[in-house]
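Asks: I'd like to go over a predicted model; first the sequence, then the structure.
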Amino acid sequence: MVRQDAGAVDDLFRQKSLQEIHGILQNTRAQVEAKKTELRELVGDHYRSVLESSDHIRAMSDCAVQVAHGAEKLESLIATMRELAGKPPQPDNQWEPETEFTLCEHLMELLEMPEKVRGLVAELNFVKAAKAALVDAPALHSQVQERLRVESLPGFDPQGLIAQQAAAFRSLPRQVAGGCVDAFAAAELTPAAAAEAFVAHLVLDEAAASSLLRRFIACRSSLLRDILEGSGAAFGGDSQEGLLQRLSAAAMAFEGTIVVASSLCTPGAGGAAPPLLASALHRLDTSNEILKQKAAMLEAVFRSGGSMATELAPLGLQFVKSWAPEVGRDSGKTFSGHFEALIASSSSTTCAELGQLQQLFTQRLTAFRRALAESVGDSRDW
């Protein structure tokens, strides 16, 4: 409704008749009554909501008071915990059994130990594999057995599994030693890995010291023979790249065998153990008494090159002569004879292709010689 001021009312009496003015008055009164009724209905409809809102506000106030009290208690609790942390209780001398969860963890570790050892051998981490087979596995087995004397797993008797693992653990040292020998025939064997294989094998089998170098030379000869006389499919077939890879692998295996064998037998300063073997020995965890004794024993074996130093000359000479016999005798079986046969049977026949093959071969072999010299600590210019 629009509010009328005094001027507007005077205009009504000047411009409207008495009958029209009565009509406007009645209409205005009707509008006022309608607004009053609407206001009463509005208040009546929301009265319950107003009361409920009041209840909610009161409940929120009570909750805020409780939260404040809880915060005060929490601060007091934190202060008490800090005070206790500053004064830790003295440890009890009595042993308390560990939880069922940790027992299950140890059982799982026990079951996974053989696979762990095989993984270390596959990664050429022979020293760690030897420690796991010789020390870690028996210690873990004894620990689990000791715990099972005072603890149990509800609804499960692990004694059968433990007995089975004990039998598997007994063969772990033999498996690691076999893996060391198998690695001698691996094309990717590095001087450091070869030294680790020697050390790990002798840690597990001390009696093998007199024959290990001979087995190393024999395995490398087999590798070289497989490269030169086997199928070229492993190197990419008869293409120029396949031929390059095959010739490079053969040359690296031949020269690497001579250099690594020499480095394994050449004593350090003052008759100390060969540096390559000494470096592998230092990777043994001598905090363990068994490995400490083994390391001391090997230090004595390797001193001044050990028995391997006296065996190196005849074995090395035999290895070289097997691939470079006297002129005129079995020329097709010589190292150079195999190279000639491989090149003749390849698709690289033009002078340009053979020149490129020679250049790439020389680059690869030179890089290998440099890396090999650095790995064995030999600064001589090839």
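Replies: Received it, and whenever you're ready, just let me know what you need.
Asks: what's the burial count for His22?
Replies: 11 (other C-beta atoms under 10 Å). Bear in mind the C-beta positions are built from the backbone N, C-alpha and C, glycine included.
Asks: what's the helix or strand for it?
Replies: helix 18-85 (DSSP states H and E).
Asks: elements contacting whatever helix or strand comes next after that helix?
Replies: The C-terminal neighbour of helix 18-85 among helices and strands, as given by DSSP H and E, is helix 100-122. Applying 3 or more C-beta pairs under 8 Å, 6 or more residues apart in numbering; DSSP states H and E, we find helix 100-122 packed against helix 126-131, helix 137-148, helix 159-170, helix 172-183.
Asks: low-confidence ranges in the stretch 201-350 of the chain?
Replies: Residues of the stretch 201-350 of the chain meeting the criterion pLDDT under 70: 236, 304-307, 325-333, 348-349.
Asks: for it, which segments count as helices?
Replies: Ranges of helices in the stretch 201-350 of the chain, per DSSP state H, counting those that start in this stretch, are 212-229, 240-265, 275-282, 289-302, 306-323, 335-344.
Asks: contacts for the first one, please.
Replies: Think helix 212-229. 181-182, 184-187, 194, 198, 201-202, 246, 249-250, 253-254, 256-257, 261, 264-265, 308, 311-312, 315-316, 318-319, 322-323, 335, 338, 342 (C-beta atoms under 8 Å, 6 or more residues apart in numbering).
Asks: equivalent analysis for the third one, please.
Replies: Residues outside helix 275-282 that contact it (C-beta under 8 Å, 6+ apart) are 127, 191-192, 194-196, 198-199, 260, 263-264, 268, 272-273, 295, 298-299, 302, 376-377.
Asks: please, a PyMOL command that selects the buried ones among these?
Replies: To isolate in PyMOL the members of the contacts of helix 275-282 that are buried, counting by 16 or more other C-beta atoms under 10 Å, one can use:
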select buried, resi 127+191+192+194+195+196+198+199+260+263+264+268+273+295+298+302+376
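Asks: let me know how buried the closest residue in space to Lys16 that isn't next to it in sequence is, in neighbour terms.
Replies: Closest residue to Lys16 apart from its sequence neighbours, by C-beta to C-beta, 6 or more residues apart in numbering: Ile24 at 7.3 Å. By the criterion of other C-beta under 10 Å, Ile24 has 12 neighbours.
Asks: likewise the one 10 residues further on?
Replies: Counted with other C-beta under 10 Å, the burial measure for Ala34 works out to 11 neighbours.
Asks: follow-up on the earlier one: in JSON lines: the helices and strands packed on helix 100-122, plus mean pLDDT and distance to Glu105.
Replies: Shown next, in JSON lines, are the helices and strands packed on helix 100-122 (pLDDT from 0 to 100; distance: least, C-beta to C-beta, whole Å):
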{"stretch": "helix 126-131", "mean pLDDT": "93", "distance to Glu105": "20"}
{"stretch": "helix 137-148", "mean pLDDT": "85", "distance to Glu105": "10"}
{"stretch": "helix 159-170", "mean pLDDT": "80", "distance to Glu105": "14"}
{"stretch": "helix 172-183", "mean pLDDT": "92", "distance to Glu105": "21"}
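Asks: ranking those by burial, who's on top?
Replies: Of all these, helix 126-131 carries the top mean neighbour count, a mean of 26, counting by mean count of other C-beta atoms under 10 Å.
Asks: so what secondary structure elements neighbour it?
Replies: Checking 3+ C-beta pairs under 8 Å, 6+ apart, helix 126-131 ends up next to helix 100-122, helix 172-183, helix 191-204.
Asks: kindly format the C-alpha coordinates of it as PDB.
Replies: Extracted in PDB, the C-alpha atoms of helix 126-131 (Å, rounded to 0.1, in the frame of the first residue of the first chain):
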ATOM      1  CA  PHE A 126      78.000 -62.900  -4.400                       C
ATOM      2  CA  VAL A 127      79.400 -61.700  -1.100                       C
ATOM      3  CA  LYS A 128      75.900 -60.700   0.200                       C
ATOM      4  CA  ALA A 129      74.600 -64.100  -1.100                       C
ATOM      5  CA  ALA A 130      77.300 -66.000   0.800                       C
ATOM      6  CA  LYS A 131      76.500 -64.100   4.000                       C
END
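Asks: contact partners of it?
Replies: Under C-beta under 8 Å, 6+ apart, the answer for helix 126-131 is 117, 120-121, 173, 176, 179-180, 183, 193, 196-197, 199-201, 203-204, 280, 283-285, 288, 291.
Asks: do the same with stretch 137-152
Replies: Under C-beta under 8 Å, 6+ apart, the answer for stretch 137-152 is 97-98, 100, 103, 106-107, 109-110, 113, 117, 158-159, 162, 165-166, 169, 172.
Asks: mind redoing it with 7 Å?
Replies: Stretch 137-152 is contacted from outside by 97, 103, 106-107, 109-110, 113, 162, 165-166, 169, 172, using C-beta atoms under 7 Å, 6 or more residues apart in numbering.
Asks: alright, I will stop here.
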